Structure formats: C-alpha cells, structure tokens
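Enquirer: coords below, sequence missing:
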C-alpha cells in the first residue's frame, strides 16, 4: 500500500509539472490555451523525454545514467561524469519502453546493453554489490559520502531488477541476444554474495535498514532465478 501511494504521488508530480509547463508555453496570441493535444500524444511526449534522459543523456563511456544533467553545462562540483547505479536500473527499463514505442530499434538497444554489461563487469564492486555512484570514465567508485564509499544494496537491487527485465526481454534465439543474457546471468551470479556481505573498514554499506530489506529481497530473487 505504501509503495502504491509513493508511486501515485510521483506520478501526480510528473503530470502536474507537465500541465504547468503546458500552461506556460501552450497559449495562443489571444491568451487562450491550446487544446489540440490528445492524451495519447501527451503521454508519448512524456515517455519520449524521459527515455531521452537515459538514451541521449547517458554518460558516453559506460552508457549508464548520469546522476544529473545541467542544461547550462556548468557543474560547480565537477560531477558531470558521475553515473548513478539506481537510476541506471530505471534506465534499463526505459530503453525497453523506447523499443516498444518505436523511439529506437531493437538492434540499437541491444548495442547499448552490450556496452553497459561489459562496463558493469569491470566496474568497482564490493562483495558483489555495486556502489551508489561510479566515475563514468574509469568505473571506479565515486563516494556518496565521507563514510559511504562502498557497496550499496539498494542501488544494486535496482540494477538487478533492471537487468532481470532486460534478460527476459531478450530471451530469444538470436545468438547476440542469447550472449547478452548469458553475460547478464554472470553479473547476477556475482550479486548473490551481496546478501551476506561483510562490512570492511573504509567500505561501509548504508545503514537504512528499511531500504536494505528491499535490496536483499531483489538480490535474493536473482539468486532463485539463477539456481
């Protein structure tokens, strides 16, 4: 129930923001508001713009989602190359939507996923868990905080969920797609150890226990599917 309420809250924010943006930019010279956009066209516009954040806005070396994009190109904290693991998990599924909506081809998406999976296989991990942030060009951990520079089960859970979805979508007879699924399975096998991780000095896990349970549940699901 709580998850449903949170989802509806964020969905409402998106729709409200879109309505506000339209009310500011969609007026005719007479001051009247345009009404010639259908609900389906509006939904497509929102989906396309969301998809483009993960597609065109991706960090080029990794293909993963950037933590933030400043449209003015100014990054006071020099973090334009920081990628977010949890956000990338959302992006994995957004790209699948892009295929179904005709924004990109299946082949284009396959190429992006191949790039991402190869990158994740070499990026920093801690007992199978990826960190909250990575430095895109190097694949090294980018500390989330002074005492948070190691594995993050919550972010790893989002990555696992996204990869599981991609693996199901590409479970086909095409050799390249089958290879991708095999590479994803190899990544998820390493993630199995994250459910029994030991905390090392200097590599602390987040202590948000409520969220941690969700992370363990997602990684545990991957373990069952791979057994």
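Expert: Received it, and whenever you're ready, just let me know what you need. Small disclaimer: the values here were computed from a predicted structure and weren't measured.
Enquirer: where does pLDDT dip in the chain?
Expert: Counting by pLDDT under 70, the chain shows low-confidence ranges at 1-35, 192-227.
Enquirer: ranges for the helices of it?
Expert: Ranges of helices within the chain are 2-25, 39-55, 85-100, 106-122, 153-169, 175-191, 209-226, based on DSSP state H.
Enquirer: state the number of residues packed around residue 74.
Expert: Other residues near residue 74 come to 7 when the count uses other Cβ atoms under 10 Å. Every residue, glycine included, has its C-beta placed from N, CA and C.
Enquirer: my bad, residue 49
Expert: 10.
Enquirer: skipping its backbone neighbours, what lies nearest residue 51 in space?
Expert: residue 98 (4.5 Å; Cβ to Cβ, 6 or more residues apart in numbering).
Enquirer: so who does the one you found touch?
Expert: Taking Cβ atoms under 8 Å, 6 or more residues apart in numbering, we find residue 98 in contact with 51, 55, 104, 109.
Enquirer: run through the residues that contact residue 51.
Expert: For residue 51, the contacting residues are 94, 95, 97, 98, 101, 103, by Cβ under 8 Å, 6+ apart.
Enquirer: buried ones among these?
Expert: Among the contacts of residue 51, those that count as buried by neighbour count (16 or more other Cβ atoms under 10 Å) are 94, 95, 98, 103.
Enquirer: I'd like those residues as TSV, with distance to residue 131 appended.
Expert: Below are the buried ones among the contacts of residue 51 laid out as TSV (distance: Cβ to Cβ, whole Å):
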residue	distance to residue 131
94	22
95	22
98	27
103	30
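Enquirer: ends of stretch 127-143, what's the gap?
Expert: End-to-end distance of stretch 127-143 (Cα to Cα, to the nearest Å): 17 Å.
Enquirer: in it, what counts as buried?
Expert: In stretch 127-143, the ones that count as buried by 16+ other Cβ under 10 Å are 127-136, 139, 141-142.
Enquirer: mind listing what's buried in stretch 179-189?
Expert: For stretch 179-189, burial by neighbour count (16+ other Cβ under 10 Å) applies to 180, 181, 183, 184, 187, 188.
Enquirer: in CSV: those residues, plus distance to residue 123.
Expert: Output for those, formatted as CSV (distance: Cβ to Cβ, whole Å):
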residue, distance to residue 123
180, 17
181, 20
183, 14
184, 15
187, 10
188, 15
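Enquirer: which one of the buried ones among the contacts of residue 51 is nearest to residue 154?
Expert: residue 94 (18.9 Å; Cβ to Cβ).
Enquirer: residues near the residue nearest to residue 95 when sequence neighbours are not counted, how many?
Expert: Excluding the flanking residues, the one nearest residue 95 by Cβ to Cβ, 6+ apart is residue 109, at 5.2 Å. For residue 109, the count of nearby residues is 20 (other Cβ under 10 Å).
Enquirer: from residue 101, how far out is residue 109?
Expert: According to Cβ to Cβ, to the nearest Å, residue 109 stands 12 Å off from residue 101.
Enquirer: and residue 161, by the same measure?
Expert: From residue 161 to residue 101 the distance is 21 Å (Cβ to Cβ).
Enquirer: kindly report the same for residue 121.
Expert: In terms of Cβ to Cβ, residue 121 sits 29 Å off from residue 101.
Enquirer: then residue 129?
Expert: Plainly put, residue 129 is 32 Å away from residue 101 if you go by Cβ to Cβ.
Enquirer: cool, residue 183 as well?
Expert: Distance from residue 183 to residue 101, by Cβ to Cβ: 26 Å.
Enquirer: same deal with residue 66?
Expert: Remark: distance between residue 66 and residue 101 (Cβ to Cβ) = 22 Å.
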